[in-house]
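Student: what follows is a predicted protein model with its sequence.
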Number of protein chains: 2
Amino acid sequence: MHSVQFTAETSSDGVVAREFTVGEVTGVLWSSASGSDRAPLVLLGHGGGRDSKSPAMAGRAHRLVNGCGFTVAAIDAPGHGGRPRTEVDEREIAALRQAMAAGEPVAPIVVRYNLLLAERAVPEWQATLDALQELPEIGAEGPVGYYGLNMGTAIGVPLTAAEPRISAAVFGLFWHDESLAEAARRITVPVEFVLQWDDEHIPRPSGLALFDAFASKEKTLHANAGAHMEVPRFEVDSAVQFFARHLGRTVMSPA
Amino acid sequence: MHSVQFTAETSSDGVVAREFTVGEVTGVLWSSASGSDRAPLVLLGHGGGRDSKSPAMAGRAHRLVNGCGFTVAAIDAPGHGGRPRTEVDEREIAALRQAMAAGEPVAPIVVRYNLLLAERAVPEWQATLDALQELPEIGAEGPVGYYGLNMGTAIGVPLTAAEPRISAAVFGLFWHDESLAEAARRITVPVEFVLQWDDEHIPRPSGLALFDAFASKEKTLHANAGAHMEVPRFEVDSAVQFFARHLGRTVMSPA
């Protein structure tokens, strides 16, 4: 088993960000500068073509740390964030670029490629979680949440289905696909699901069908007017409140 | 024009509740015991068979007053809360009871009757708002929100379409109907719409079609797993945050 190796540390706005590796996997761990002893842990999954250092990840991490005192971890998906790419990665990325340049639908390629990536990413997340829980400031007792949209959902749904330590999850912005829906039907923990009502890539019935597939008794769909990239900023606040409800913290007043 | 006549006053948990009349219309006005000068005003619409003194109204009012310092008003719909019933009211209520006793669908009767009630209720709400804005502690300058589910949506949608003073609204738990959708298409203010994913009365496509009808550039659907009566309590907190965003207040920490 690999342990967490910290490679760099920065601090801003009351949040300490530590870059780390677990074996070949790279990532970032955010925690409160004023102490985070045994705080609940939220795992962040980034979107396709992004990585653990993307502004969206840091932004969500800061809201979760400052809003609730959570500890937050993101890792780079296979082939992302400087991690080596396989031949399959190169081929799928080339196919994706070609489709975009030709104005053809990207959905078949994104769905196929992201679910392939998930097969590699799920065991990496599990090994990372094992290693993070070995850290004395995290420990193995606290609750764990998962938060990822787009490719973060393609990876997060099978991860949450496979991983009993995850007790609440925020997903969204992905297509219904039979293998993903099969994993969703094995998920019973509380789920918040984000969908864009006017998504130009994901047909409305496809997004609604994926939400429908979760077996969770407590699940909430947040569908907002607007295009794929126009998820309102207040959905991050809503996710923070969702995790506060389910991982057991009180939301502090917004700054 | 009728003015607000206060008829009773009680106080609990930092909230003053004053019963009032505006002409023949009866209602309740809630405000902060620590002062509410020119606070934004939220109008509450109750569900069918309920009234302005129902626990759900008092509960939401307390959250809005204590959470954001809003002033909150509810009025009794025609034929509700002790207000006189017309022959049509008696006939429709009898038809509704008969359908429920026979296990027949209530939807056709509820939709028809609630939209009939809305024709009477909209001018009553407008006269009430005129009178409330004459009160020195409210005034005519502040923003106004509307919050009503079930029958409160059947009345609130045409009210919001007709009433330029309402600048944000929370609706939900009602069927798509062509005349209601026509009013929804004239609404452009921010809307939050609550729907129950497993509603035994309102078919899912019907609720989704009503949400779809709003012309609002900023609209959010909150669909929760569960039956018609199982809207989670956290949706009230979400509504408070929605009004805080749009009526210009900061949400205070939950108690």
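Tutor: Now that the structure is in, tell me what you want to look at.
Student: roughly how far is the helix or strand A:Ala121 falls within from the heart of the chain?
Tutor: In this assignment (DSSP states H and E), A:Ala121 forms part of helix A:107-134. Relative to the mean C-alpha coordinate of its chain, helix A:107-134 is positioned 10 Å out (CA atoms, centre = their mean, to the nearest Å).
Student: can I assume A:Leu116 is in contact with A:Arg91?
Tutor: No - contact criterion CB atoms under 8 Å: A:Leu116 and A:Arg91 do not qualify, at 10.7 Å. (C-beta placed from N, C-alpha, C; glycine too.)
Student: show me where chain A has its strands.
Tutor: For chain A, applying DSSP state E gives strands covering A:4-12, A:15-22, A:25-32, A:41-45, A:71-75, A:144-148, A:166-172, A:191-196, A:219-224.
Student: tell me the angle the second one makes with strand A:25-32.
Tutor: Pointing back at strand A:15-22 there. In terms of direction (axes from the mean of the first three to the mean of the last three CA atoms, to 10 degrees), strand A:15-22 departs from strand A:25-32 by 150 degrees.
Student: convert the C-alpha atoms of strand A:15-22 to PDB, please.
Tutor: Output of strand A:15-22 as PDB, limited to C-alpha atoms (Å, rounded to 0.1, in the frame of the first residue of the first chain):
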ATOM      1  CA  VAL A  15      -6.900  27.300   3.600                       C
ATOM      2  CA  VAL A  16      -3.800  25.200   3.400                       C
ATOM      3  CA  ALA A  17      -3.400  23.400   0.000                       C
ATOM      4  CA  ARG A  18      -0.900  20.500   0.000                       C
ATOM      5  CA  GLU A  19       0.100  18.800  -3.300                       C
ATOM      6  CA  PHE A  20       0.600  15.100  -2.800                       C
ATOM      7  CA  THR A  21       1.200  11.800  -4.500                       C
ATOM      8  CA  VAL A  22      -0.100   8.300  -3.700                       C
END
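Student: could you report the neighbour count for the closest residue to A:Ala118 other than its chain neighbours?
Tutor: In space, and not counting its chain neighbours, A:Ala118 is closest to A:Ile155: 4.5 Å by CB to CB, 6 or more residues apart in numbering or on different chains. Using other CB atoms under 10 Å in any protein chain shown, A:Ile155 is surrounded by 29 other residues.
Student: got the contact list for A:Ile155?
Tutor: By CB atoms under 8 Å, 6 or more residues apart in numbering or on different chains, A:Ile155 lies in contact with A:45, A:77, A:114, A:117-118, A:121-122, A:125, A:148.
Student: nearest to chain B among those?
Tutor: Among the contacts of A:Ile155, A:Gly148 lies closest to chain B (CB to the nearest CB), at 20.3 Å.
Student: for the closest one, which residues are in contact?
Tutor: Residues near A:Gly148 by CB under 8 Å, 6+ apart: A:43-47, A:155-156, A:170-171.
Student: per-residue confidence for A:Met1?
Tutor: pLDDT for A:Met1: 81.
Student: one more: A:Ile187?
Tutor: On pLDDT, A:Ile187 comes in at 98.
Student: I'd say it and A:Ala168 touch.
Tutor: No - contact criterion CB under 8 Å: A:Ile187 and A:Ala168 do not qualify, at 10.6 Å.
Student: and the helix holding A:Ala121, what's buried?
Tutor: Buried residues in helix A:107-134, counted by 16 or more other CB atoms under 10 Å in any protein chain shown: A:107, A:109-111, A:113-118, A:121-122, A:124-125, A:127-133.
Student: what angle sits between it and strand A:15-22?
Tutor: Helix A:107-134 and strand A:15-22 are oriented at 100 degrees to each other (the same axes, to 10 degrees).
Student: how deep is the residue of the stretch 51-200 of chain A found nearest chain B tucked in, by neighbour count?
Tutor: When scored by CB to the nearest CB, the stretch 51-200 of chain A has A:Trp197 as its residue closest to chain B, at 7.1 Å. Residues within reach of A:Trp197, counting by other CB under 10 Å, total 18.
Student: show me what contacts it?
Tutor: The contact partners of A:Trp197, by CB under 8 Å, 6+ apart, come to A:204, A:223-226, B:212, B:219, B:221.
Student: return a PyMOL selection command for the buried portion of the residues you listed.
Tutor: To isolate the buried ones among these in PyMOL, judged by 16+ other CB under 10 Å, type:
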select buried, (chain A and resi 223+224+225+226) or (chain B and resi 212+219+221)
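Student: as CSV, the contacts of A:Trp197 with pLDDT and distance to B:Ala102 would be great.
Tutor: Below are the contacts of A:Trp197 laid out as CSV (pLDDT from 0 to 100; distance: CB to CB, whole Å):
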residue, pLDDT, distance to B:Ala102
A:Arg204, 98, 36
A:Ala223, 98, 36
A:Asn224, 98, 41
A:Ala225, 98, 40
A:Gly226, 98, 44
B:Asp212, 98, 32
B:Lys219, 98, 37
B:Leu221, 98, 33
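Student: what sits opposite the residue nearest to A:Ala169 when sequence neighbours are not counted in the beta ladder?
Tutor: Spatial nearest neighbour of A:Ala169, excluding adjacent residues (CB to CB, 6+ apart): A:Tyr146 at 4.4 Å. For A:Tyr146, the beta-bridge assignment (DSSP bridges) gives partners A:Leu43, A:Ala169.
Student: next, count neighbours for A:Tyr146.
Tutor: A:Tyr146 has 29 neighbouring residues, counting by other CB under 10 Å.
Student: and what of the one 3 residues further on?
Tutor: Using other CB under 10 Å as the criterion, A:Leu149 is surrounded by 25 other residues.
Student: correct me, but it touches A:Glu235?
Tutor: No - using CB under 8 Å as the test, A:Leu149 is too far from A:Glu235 to be in contact (9.1 Å).
Student: quick check: neighbours shared by the two?
Tutor: In contact with both A:Leu149 and A:Glu235: A:Val194, using CB under 8 Å, 6+ apart.
Student: what parts of the stretch 51-200 of chain A come near chain B?
Tutor: Within the stretch 51-200 of chain A, the positions adjacent to chain B are A:Trp197 by CB under 8 Å from any CB of the partner chain.
Student: read off the pLDDT value for the residue of the stretch 51-200 of chain A closest to chain B.
Tutor: With respect to pLDDT, A:Trp197 scores 98.
Student: do the one 3 residues further on as well
Tutor: Model confidence at A:Glu200, expressed as pLDDT, equals 94.
Student: ok, it - contacts?
Tutor: Going by CB under 8 Å, 6+ apart, A:Glu200 touches A:227-228.
Student: ok, A:Pro232 - how many residues close by?
Tutor: Number of residues near A:Pro232 (other CB under 10 Å) recorded here: 17.
Student: cool, and A:Ser216?
Tutor: Using other CB under 10 Å, A:Ser216 has 19 neighbouring residues.
Student: could you check how far it is from chain B?
Tutor: 7 Å (CB to the nearest CB, to the nearest Å).
Student: surely that residue touches A:Val189?
Tutor: Yes - in this structure A:Ser216 lies within contact range of A:Val189 using CB under 8 Å: 6.1 Å.
Student: out of the strands of chain A, which gets nearest to B:Ile138?
Tutor: Between B:Ile138 and the strands of chain A, the tightest spacing by CB to CB is seen for strand A:219-224, at 31.5 Å.
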